[in-house]
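Chemist: need coordinates for the following:
(one chain, ligands or ions: 2)
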Amino acid sequence: MTQVPSVLTIAGTDPSGGAGIQADLKTFQELKSYGMSVITTVVAQNTTGVQDVHHLPIQMIEQQLESVITDIPVHAFKTGMIAHIDMMKVIAEKIPKLDAPYVMDPVMVATSGDPLIEEKARLYLREKLLPLTTLVTPNIPEAEYITGDKIDTTDDMKQAAEQIVVNFGANGALIKGGHLKGDAVDFLYDGTSMHTFSSKRIDTTNTHGTGCTYSAAITAYLSQGLPLQKAVEKAKHFVTAAIKHSFSIGSGNGPTNHWASREERVKR
Ligand SMILES: Nc1ncnc2c1ncn2[C@@H]1O[C@H](COP(=O)(O)OP(=O)(O)OP(=O)(O)O)[C@@H](O)[C@H]1O
Ligand SMILES: Cc1ncc(CO)c(N)n1
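Modeler: Ligands and ions are numbered 1, 2, ... in the order given. Okay, the predicted model is just below:
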């Protein structure tokens with residue numbers, strides 16, 4: 001009988017396949033962890049932006065979580081888009097039952113700039129969910145929201161990473177530099193030391209779902225028992241390759257390529 005690490009995403013959907021649940025499941029599959037998903041919101045979106053949203057009833061989100069948890073072990077899980085405070089409350093209640101590493105992608109706006117969560121939910125996320133995380137993975141605007149401080153330089157990024165752990169109670173914080181100029185540099189503060197993950201900036205606008213793909217890859221590696229720093233290092237290689245081989249499809253920001261990164265990983 002094959003034993004496989006199983007991994008769960010709790011997030012919104014993307015019918016165009018580049019972000020959200022769809023990006024997460026593609027990443028889990030590519031990295032050979034068994035992927036499961038709880039949908040919070042059905043999002044009508046594509047490479048150009050968000051056209052509509054339909055939030056699932058709270059009891060349906062709760063039931064999906066119960067259906068998974070009561071049947072299959074979860075070796076690591078992530079959350080993405082959680083639009084409403086009531087959804088967050090249900091998820092916060094179930095987290096102790098999961099008893100596994102938790103990666104939070106604190107999704108607030110889509111690459112297109114469309115807002116994905118309500119203002120009250122942002123506050124709850126910062127006050128109540130953050131302390132439950134093994135790792136939180138904000139981009140620069142999300143890190144600015146969490147800390148309340150402007151981030152312009154790599155020193156500001158490092159400071160934000162440390163602050164999110166020390167002042168807001170996350171176990172680890174990975175600040176992503178995709179939104180700054182120059183190399184794509186991310187900083188991880190794990191409660192003891194600062195680690196740097198850097199790659200050359202790829203000249204592309206195909207960055208729809210990069211954050212989802214990255215946090216899903218970290219979660220998959222954690223489900224396989226890798227320590228946090230190693231999981232981030234390998235996930236950074238994965239997302240960089242996926243951006244390098246991204247698809248110029250759609251008329252907006254194209255999606256990353258989850259499977260063409262395979263050759264890059266085989267070479268290493
Ligand atoms: N043009 C690029 N070239 C290389 N790496 C990039 C580029 N853009 C982003 N990255 C990297 O991709 C990863 C995801 O970071 P990013 O800041 O894009 O996340 P995000 O804004 O949360 O994504 P999303 O578009 O899903 O909201 C990080 O490792 C970042 O450094
Ligand atoms: C559902 C969903 N989650 C996250 C993002 C951010 O990329 C998105 N565009 N859609």
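Chemist: from here on, contacts and neighbour counts on C-alpha atoms
Modeler: Noted.
Chemist: how about the residues of the chain near ligand 1?
Modeler: Residues of the chain found near ligand 1 (Cα under 6 Å from any ligand atom) are 110-111, 139, 176-179, 184-186, 200-204, 207-212, 214, 236, 240.
Chemist: within reach of ligand 2, which of those residues are there?
Modeler: 110-111, 208-209.
Chemist: would you list the residues you listed in JSON lines and tack on neighbour count and pLDDT?
Modeler: As requested, these are exported to JSON lines (neighbours: other Cα atoms under 10 Å; pLDDT from 0 to 100):
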{"residue": "A110", "neighbour count": "18", "pLDDT": "78"}
{"residue": "T111", "neighbour count": "20", "pLDDT": "75"}
{"residue": "H208", "neighbour count": "27", "pLDDT": "92"}
{"residue": "G209", "neighbour count": "24", "pLDDT": "94"}
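Chemist: just send those residues back as a markdown table, with secondary structure too.
Modeler: Putting these into a markdown table (DSSP: H, G, I helix; E, B strand; the rest coil) gives the following:
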| residue | secondary structure |
| --- | --- |
| A110 | coil |
| T111 | coil |
| H208 | strand |
| G209 | coil |
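Chemist: my read: V165 touches I175, true?
Modeler: No. When contacts are counted by Cα atoms under 8 Å, V165 is not listed as touching I175 (11.5 Å).
Chemist: so between the two, which is more surrounded?
Modeler: Neighbour count, other Cα atoms under 10 Å: between V165 and I175, I175 has more, with 26 against 23.
Chemist: how about the closest residue to ligand 2 within the stretch 51-200 of the chain: what's its closest non-neighbour residue?
Modeler: In the stretch 51-200 of the chain, the residue that lies nearest ligand 2 is A110 (4.1 Å; Cα to the nearest ligand atom). Sequence neighbours aside, L116 is the residue nearest to A110 in space, at 6.7 Å (criterion: Cα to Cα, 6 or more residues apart in numbering).
Chemist: show me the residues around that neighbour that make contact.
Modeler: Taking Cα atoms under 8 Å, 6 or more residues apart in numbering, we find L116 in contact with 81, 83, 107-110.
Chemist: what pLDDT does it get?
Modeler: pLDDT, L116: 84.
Chemist: from V185, how far off is it?
Modeler: 25 Å (Cα to Cα, to the nearest Å).
Chemist: checking the residue of the stretch 51-200 of the chain found nearest ligand 1 next. Helix, strand or coil?
Modeler: Residue nearest to ligand 1 within the stretch 51-200 of the chain (Cα to the nearest ligand atom): G178, separated by 3.4 Å. Of the three states, G178 takes coil under three-state DSSP.
Chemist: so E127 sits right up against F168, yeah?
Modeler: Yes. E127 is in contact with F168 according to Cα under 8 Å; the separation is 7.2 Å.
Chemist: which of the two has more neighbours?
Modeler: F168 (17 against 14).
Chemist: against V103, how distant is that one?
Modeler: 15 Å.
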